[in-house]
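>>> Quick check, what structure comes out for this input:
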Amino acid sequence: MCSTPLAYYPVGLPLLRASLARYLTDTGLRTDPDQLLITTGDQQALWLLCSYLLRTWRSGPLRTRPSPGVLDVLRALPATIRTAPPLADPQGAGELAGVANRADVRLL
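Modelled structure (predicted):
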């Protein structure tokens, strides 16, 4: 039986944020717990990141085989998504840079 009262922490469990901040600081990246946001999973993190970054800039290149769930997130936003070749392709980096430059990209 859990003796801790149930609570919702919108930015993440305080003890977890403090531990993560301490770890990051110990590895050389000075971090305060207030700088951290803990999400419930990758979909929530993707949604928060994409909706923040694409709220004013309406374009972003997407590699040709995105990870699962990314398309659902991006389709829900008012963004124009442009496909770009994977970086593993011989011409991929140059083509990706070209798409990014032409499209006024905010998120890659």
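>>> can you give me the strands for the chain?
59-63, 80-84 (DSSP state E).
>>> What are the buried residues along stretch 31-43?
The neighbour-count check on stretch 31-43 (16 or more other Cβ atoms under 10 Å) flags 31, 33 as buried. Using the backbone N, CA and C atoms, a C-beta is placed for each residue, glycine as well.
>>> related to what we said a few turns ago, quickly, which of the strands of the chain bottoms out on average pLDDT?
The minimum mean pLDDT among those belongs to strand 59-63 (a mean of 57).
>>> Can you report how many residues neighbour the residue nearest to residue 30 when sequence neighbours are not counted?
Using Cβ to Cβ, 6 or more residues apart in numbering and skipping the chain neighbours, the partner closest in space to residue 30 is residue 24 (7.8 Å). Residues within reach of residue 24, counting by other Cβ atoms under 10 Å, total 16.
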